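Novice: here is the input, now give the coordinates:
(chains A and B)
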Amino acid sequence: MFNDAQQSLEIRVNGEQRRVRHGLSIAQMLGELGLDPLRVAVERNLEVVPRASLAEVPVEDGDTYEVVHFVGGG
Amino acid sequence: MTAQQDIKADTWTVAGRTFTSRLIVGTGKYKSFEDNAAAVAASGAEIVTVAVRRVNIADPKQPMLTDFIDPKIITYLPNTAGCFTGEEAIRTLRLAREAGGWTLVKLEVLGEAKTLYPDMVETLRATEILAKEGFEPMVYCADDPIAARRLEDMGAVAIMPLGAPIGSGLGLQNLVTIRLIVEGAKVPVLVDAGVGTASDAAEAMELGCDGVLMNTAIAEAKDPVLMARAMKAAVEAGRMAYLAGRMQKRLYADPSSPLAGII
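Specialist: Down below sits the predicted model:
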């Protein structure tokens, strides 16, 4: 998918390894995964990223993300 | 004032938010989102509990709970089900606050998988941290009147003792301690867990609880929508009976028809 391996980053999202393009914000990375940033909450390297700054914080090589939402529960 | 007006005005308030329905329902264990939404509607609940879980990134277009139960109409109460340490629970609720923007949350820190009994040491510790971070935690707890008071001191906005183990449907096993908690609390008390059928919910309300939280009793009924209606009626009936003030029990009979004028 990415021609230049130099330009892609390796990250971990919800326990799965993913390669993404260099230079993406977290919001753009979520978009590439098919997720709506307005409907999820994101933790980057164990720190919650406020929704308002998802479009500003860049994805960096080696980042670990937890992307969560609400599901049925008691 | 008529009885009807009385009941209409009978609201309860938690952390500054006022509700009419005293029934909080969970959203787990349903066969489909449609069934879940229909049961919530039938229950009349204004608050539902929800869990915080990973998005399935392998299939991101799966339908979501929020597509079926609108958080603008029904208050979502994020829970920490499945958390066995204070840290896990706090981490979960920080994410929940970001996902929904809500500070009203349900804290539960479990002690063991077999009984799902709360770990009160961890629960108290997490309550204090959450309150300091600006959360308004409604707290699942043991039926211990002293622990309940401590929770209130730590910043719990509601005390939610179990009536029996989560998902057991055994009914309230602890009428005395629930009553003691109700008598001692300045914040709302809701029985959380243990209700199996409508009479259990009515019993909790007759003790003076401010509300009842349940999931499995509705979700695992053969007809969840009908059971949701039954629970709504039971909570209302129990509340009215509590307000009405029940008669004193007697050891022996007392005739209802006059003794005078017997032929």
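Novice: run through the stretch 101-250 of chain B and note the low-pLDDT ranges.
Specialist: For the stretch 101-250 of chain B, not a single residue meets the criterion pLDDT under 70.
Novice: contact partners for the one residue in chain B that gets nearest to chain A?
Specialist: Here the residue of chain B nearest chain A is B:A51; by Cβ to the nearest Cβ that distance is 2.7 Å. C-betas here are computed from N, CA, C, even on glycine. Taking Cβ atoms under 8 Å, 6 or more residues apart in numbering or on different chains, we find B:A51 in contact with A:70-74, B:28, B:78-79, B:81-82.
Novice: got a markdown table for the residues you listed, with neighbour count too?
Specialist: Below are the contacts of B:A51 laid out as a markdown table (neighbours: other Cβ atoms under 10 Å in any protein chain shown):
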| residue | neighbour count |
| --- | --- |
| A:F70 | 26 |
| A:V71 | 17 |
| A:G72 | 21 |
| A:G73 | 23 |
| A:G74 | 24 |
| B:G28 | 19 |
| B:P78 | 24 |
| B:N79 | 30 |
| B:A81 | 23 |
| B:G82 | 16 |
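Novice: excluding its backbone neighbours, what's nearest A:E66?
Specialist: Using Cβ to Cβ, 6 or more residues apart in numbering or on different chains and skipping residues adjacent in sequence, the residue nearest A:E66 is A:E43, 4.2 Å away.
Novice: beta-bridge partners for the one you found, please?
Specialist: A:E43 has the following beta-bridge partners by DSSP bridges: A:V48, A:E66.
Novice: enumerate every residue touching it.
Specialist: A:49, A:65-68, B:91, B:94-95.
Novice: cutoff 7 Å now
Specialist: Residues near A:E43 by Cβ atoms under 7 Å, 6 or more residues apart in numbering or on different chains: A:65-66, B:95.
Novice: then B:A260?
Specialist: With Cβ under 7 Å, 6+ apart, B:A260 has no contacts at all.
Novice: try B:C83
Specialist: Contacts for B:C83 (Cβ under 7 Å, 6+ apart) come out as B:89, B:92, B:109-110.
Novice: return the member of these nearest to B:A230.
Specialist: B:L110 (28.5 Å; Cβ to Cβ).
Novice: how close does the closest one get to B:T123?
Specialist: Relative to B:T123, B:L110 is positioned 9 Å away (Cβ to Cβ, to the nearest Å).
Novice: strands of chain A, start to end?
Specialist: For chain A, strands defined by DSSP state E occupy the ranges A:8-13, A:16-21, A:41-44, A:47-49, A:64-72.
Novice: can you list these in a markdown table and add distance to B:P188 and mean pLDDT?
Specialist: Output for the strands of chain A, formatted as a markdown table (distance: least, Cβ to Cβ, whole Å; pLDDT from 0 to 100):
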| stretch | distance to B:P188 | mean pLDDT |
| --- | --- | --- |
| strand A:8-13 | 39 | 94 |
| strand A:16-21 | 42 | 93 |
| strand A:41-44 | 27 | 96 |
| strand A:47-49 | 28 | 95 |
| strand A:64-72 | 23 | 94 |
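Novice: the helix or strand B:A237 falls within close to chain A?
Specialist: In this structure, B:A237 sits in helix B:224-244 according to DSSP states H and E. No - using Cβ under 7 Å from any Cβ of the partner chain, helix B:224-244 never reaches chain A; the gap is at least 12.5 Å.
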